[in-house]
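Undergrad: Sequence isn't available, so here's the structure alone:
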């Protein structure tokens, strides 16, 4: 019994087994992202494909793309192809559950034999090369590669100083808006008609001469359903109460005296501004999560762009002459919108 | 421990718990700097669907709950059509942000929604999920993009109809996906509900913008609409959004009809009101116009009457699928229990949710009066007068009004775009079903739908507690989409009532001497008649990017009406509608015919302009203290062009032209645009506001 335990063969098997398990775990952990297969490095955008892009653009927007828009669409198609091939190079489709489910269901639709189980269907799909043609698989792999491109090689901690800098770069985005507290006297256009301007000027003179306080002044004006005191109102609040233009006109008014008349959707107003509160920057702690999110998004975008550029540099791209493809596309033959009813069969142009 | 010390500790801990949980809201303990004790109007949308609803995501809607909140605050979100990568090709934003909103996705579909959008779920490859996602194999097709799109839409639409049918039968059919994978479905439903809560929490911004956690309970027996929005007051909500599937199962076990709302209330009572967490909740019914009268049935007993009065203090009186105040059909020159021609406003040609896309509409006799809120309010008075048997005192009656309904409006948007009610460029209601003008004008039902309305509350500050309290006490009004500001008070004595409209402290007098909209008048002093003051400011208007006023906003007010309903001694109900402002010079009331309903086709503005502000005080000379009554104010704006007029003009058909029908034939080949023409569909509307009623009850 004990001899058997000391047998080198057993130790060999055990050590080998441990190594194998460790390698498999390490492989899975770092497997995604490692290039494992060779893919063709030539990308060709043919005239037919350009015509297809034109057709899609027309179907969505109801007009033909201008040269700049077409170039952007072609560029986008090249980026997608690069990402797709990089995904294949990394064998991202091999262990992917989404791809597997998709191929099983497609094969299930196509297959006559109802008895085959998921594994058999999956293998059959691979044999037929369905994974190479399927739009859903392609879209999914492109999406995975975009996510991969955004990931940092090594997660970098974020310093407070960076967040503060981000906050300072776009103050209007983070600041609470400027606010104003005022009392106003209302002269109603409905009640006074064309007299309202004259009445407003007369009343202003009277208020200034009498050094009238807020209560006395309100009694001299018309009743206003939303009250004559407005507290801590932002520009948006002023717009809601008085309509557009009021906030801008108010900006000229100096605090501590009767001013006006200022026009609103309802008539004229004499205002006494009590206090103007300038925009305030919230403390870092109050907006830390949002700043962190913005920083992460920004960094992710930069990384993704750089990665895509690097990958694309490894490909040779050939684009057919767009002009040639365009000459043969007649929009009159294609529906402006894709409706629920099936389109009538069209001659296939653009070869 | 000595017994005395123990009891002191016990009392202290009870007090601590009581003060902690009583009225535990999410409002900061300090008042907002903008707090106004005389209350301010806040505009919101309490009926919003995002792609967490099955009948939104199958139509390519990309916006989730967070996008809906971003949109409500004035941010930009994507809209259909989507491209082949499911990216939206249009964006949209509100011209004027909202003050509050609630996302109300269909709880019945939460499980299916999560599971069928998750490619790693085993249920994902089931035919039901595949069909909902409109996925078809592409490798077998010659020209994938166009045909794929088309098939994708047809398939997903058909599958959705099957799902809808599943809540239309009694008992409702749980979707196949959830029958085969009940655990995944359940976990999915709980996870979506948690996500809705997280989204509401993320965007709630006390004093600036309020979100409410909510969902829609969606029974539709035989396509009759019995839907209600379940709106929670704060973040303490049950762990599960009780759907029609759960309540119907319980209803059957209690011997009730599957779609009995009492079961929903029971489950909410147990899991919310009685949970001891400070949870509070309301249920708000909508679209009674499609309920075949089943939304407001006679209560079985006093308990149901009392429950209904507490659980449902509000009704959503207008939204995308038509207006439910009352119904008048010009084609038949008659109405449902009314002769008020203003009840022709935004009426749909169907009895239930089964859309009637081909005219003629059913005649008024075919509709149940209880499908319309005004009749429900009247019947509520009659039921209260009749009384319900008092279970505690055999032979005695309890006089309870089960239908004391305050009023709000909302949109019911299925695009995740709350408050998107501007008529001039309405982009549609639900994803790829109506994202072009042609689609919106095709079909009698679709052309008669509308962008929806708004809910308005008078509250002290923009916080959950303050706004929810306003909803509970019914100090609310609904608009058909614009933003007039309306005050309405009732009292036995306003002092010098006739000069009240010149009184700067009118609002203060209203609150102190009288009661606001949604309340009950106190018992009358002998010989007194009630006075009502209605004060409305027009929508303040909004400018577009080039500085011109946006058509359909800032419209002057044409008139204020008062609608009175009452019950006589014999138990019969009556109604009267009067134009109380503006009056003639001698103070007498103007008849309907003296108000114009025309617009100038060039400008889409009324030929006779109304006012920026209307205020009036009215005494009910025909008041009879023995007769229960309600009074509500309806404010009509000047006529303007309907959304369909702008849409038809874009398509090359002018509703006002003599040659309209000829244009409708040829403008879009293959499309029937007859509904663009005035002979079929009114190109003019008068936007409006309806206040919650003020009730009078003869003294006990």
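TA: Received it, and whenever you're ready, just let me know what you need. Everything numeric in this text was worked out from a predicted model, so none of it was measured. Numbers count the residues shown, from 1 in each chain, chains lettered A, B, ... in the order given.
Undergrad: Chain A contacts on the stretch 501-650 of chain B?
TA: Neighbours of chain A within the stretch 501-650 of chain B, by Cβ under 8 Å from any Cβ of the partner chain: B:501-507, B:535-538, B:540-543, B:554, B:611-615. C-betas here are computed from N, CA, C, even on glycine.
Undergrad: Show me which of those residues are buried.
TA: Among these, those classed as buried by 16 or more other Cβ atoms under 10 Å in any protein chain shown are B:501, B:503-504, B:506-507, B:535-538, B:540-543, B:554, B:611-615.
Undergrad: Tell me the buried residues in the helix or strand hosting residue B:380?
TA: Per DSSP states H and E: residue B:380 is located in helix B:373-386. Across helix B:373-386, burial judged by 16+ other Cβ under 10 Å covers B:373-385.
Undergrad: Show me what it is in contact with.
TA: Residues outside helix B:373-386 that contact it (Cβ atoms under 8 Å, 6 or more residues apart in numbering or on different chains) are B:288, B:296, B:298-299, B:305, B:315, B:317, B:324-326, B:336-338, B:369-370, B:397, B:399-405, B:407, B:563, B:565-567, B:571-575, B:628-630, B:693, B:697.
Undergrad: just for the chain, where's the confidence low?
TA: I went with chain A, as the question did not name one. A:1-2, A:21-34, A:59-62, A:110-116, A:322-351 (pLDDT under 70).
Undergrad: ah, I was thinking of chain B
TA: B:1-29, B:84-85, B:134-153, B:156, B:700.
Undergrad: And the helices in the stretch 451-600 of chain B, which stretches?
TA: B:464-472, B:506-513 (DSSP state H, counting those that start in this stretch).
Undergrad: The longest one - contacts with which helices or strands?
TA: Applying 3 or more Cβ pairs under 8 Å, 6 or more residues apart in numbering or on different chains; DSSP states H and E, one finds that helix B:464-472 makes contact with strand B:210-217, strand B:281-285, strand B:454-459.
Undergrad: related to what we said a few turns ago, which of the buried ones among the residues of the stretch 501-650 of chain B next to chain A fall in strands?
TA: B:535, B:536, B:537, B:613, B:614, B:615 (DSSP state E).
Undergrad: Who are the contact partners of the residue nearest to the fourth one when sequence neighbours are not counted?
TA: The shortest distance from residue B:613 to any non-neighbouring residue, by Cβ to Cβ, 6 or more residues apart in numbering or on different chains, is to residue A:190 (4.3 Å). Taking Cβ under 8 Å, 6+ apart as the criterion, residue A:190 is in contact with A:266, A:267, B:611, B:612, B:613, B:614.
Undergrad: Need the max-distance pair from these.
TA: Maximum pairwise distance in the contacts of residue A:190, criterion Cβ to Cβ, is 13.6 Å, between A:267 and B:614.
Undergrad: before we move on, back to that, from the contacts of residue A:190, which single one is nearest residue B:482?
TA: The closest of the contacts of residue A:190, once distances to residue B:482 are taken by Cβ to Cβ, is residue B:612, at 13.6 Å.
Undergrad: correct me, but that closest one touches residue A:265?
TA: Yes: if you go by Cβ atoms under 8 Å, residue B:612 and residue A:265 touch, sitting 6.7 Å apart.
Undergrad: Find residues that contact each of these two.
TA: With Cβ under 8 Å, 6+ apart, residue B:612 and residue A:265 have common neighbours residue B:538.
Undergrad: on that earlier part again, adding mean neighbour count, write the helices and strands packed on helix B:464-472 out as CSV.
TA: Listed next are these as CSV, based on neighbours: other Cβ atoms under 10 Å in any protein chain shown:
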stretch, mean neighbour count
strand B:210-217, 26
strand B:281-285, 23
strand B:454-459, 27
